[in-house]
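> Need coordinates for the following:
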Amino acid sequence: MKSIQKSGEDYLEVIYGLLQKSDHAHLTCIAKAMGVTKPSTSRALHILAQKGYIQKESYGTVTLTAQGTQHAEAVIKKHKAIRTLLTDVLGVSPKAAEADACKIEHCIGEETTEKLFNFLKL
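Sure, this is the predicted structure:
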C-alpha cells in the first residue's frame, strides 16, 4: 500500500462516513466536513486518486476503492480503540479522548496497534 499522510487519512475517514449515509460523497460535502476550502479538497482528492484510494468523477462524486475502504476502516478501528483506552481505562473525558484519538491514530505503529487491540480484546 502506498504511503498516506495524516490529512489523507482524515479525508478517507470523512469520505467513509459520508458513504455510510449515502451511496456517494461530493467534493463540496467533503470540504464542508473537513472545514477546508474546495480547492484544498480538490488537491487532496487528486492525490488520493493517484494513490488508488478513491475514484473521483469530473462532476464531484467521490467513492472509495477497495484499498481506500480497507485503509479507512483500519484508521477508524484504531481511532475507536484509542478512544476506548483513553475513556474506559484511563478515565479521560469523552471530549478530550476524541480529540486525542484523532491525533494519536496517525502516529502509532503496527506493533503498538496490535498490542492495543489485544489488550482491548478487539
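> Identify the residues contacting the most centrally placed residue in the chain.
For the chain, Glu13 is the residue whose C-alpha lies nearest the centre (C-alpha atoms, centre = their mean; 2.7 Å). Listed by C-beta atoms under 8 Å, 6 or more residues apart in numbering, the contact set of Glu13 reads Ala72, Val75, Ile76, His79. The C-beta positions use only the backbone N, C-alpha and C, and glycine is treated the same way.
> The last one: what's its closest spatial neighbour, skipping adjacent residues?
Looking back up the chat, that one is His79. Distances taken as C-beta to C-beta, 6 or more residues apart in numbering place Glu105 nearest to His79, at 4.5 Å, with adjacent residues excluded.
> element containing the residue nearest to the centre of the chain, please.
Using DSSP states H and E, the element containing Glu13 is helix 6-21.
> after that helix, next one along is what?
Going down the chain from helix 6-21, the next helix or strand is strand 25-26, by DSSP H and E.
> what's that following strand packed up against?
helix 6-21, strand 61-64 (3 or more C-beta pairs under 8 Å, 6 or more residues apart in numbering; DSSP states H and E).
> Convert the C-alpha atoms of the first one to PDB, please.
Listed in PDB are the C-alpha atoms of helix 6-21, where the atom choice follows Å, rounded to 0.1, in the frame of the first residue of the first chain:
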ATOM      1  CA  LYS A   6      -2.300  12.200   8.200                       C
ATOM      2  CA  SER A   7      -4.500  14.600   6.200                       C
ATOM      3  CA  GLY A   8      -5.100  11.900   3.600                       C
ATOM      4  CA  GLU A   9      -6.300   9.500   6.300                       C
ATOM      5  CA  ASP A  10      -8.600  12.200   7.700                       C
ATOM      6  CA  TYR A  11     -10.100  12.600   4.200                       C
ATOM      7  CA  LEU A  12     -10.600   8.800   3.900                       C
ATOM      8  CA  GLU A  13     -12.400   8.800   7.300                       C
ATOM      9  CA  VAL A  14     -14.700  11.600   6.200                       C
ATOM     10  CA  ILE A  15     -15.400  10.100   2.800                       C
ATOM     11  CA  TYR A  16     -16.100   6.700   4.500                       C
ATOM     12  CA  GLY A  17     -18.500   8.400   7.000                       C
ATOM     13  CA  LEU A  18     -20.300  10.200   4.200                       C
ATOM     14  CA  LEU A  19     -20.600   7.000   2.200                       C
ATOM     15  CA  GLN A  20     -22.200   5.300   5.200                       C
ATOM     16  CA  LYS A  21     -25.100   7.800   4.900                       C
END
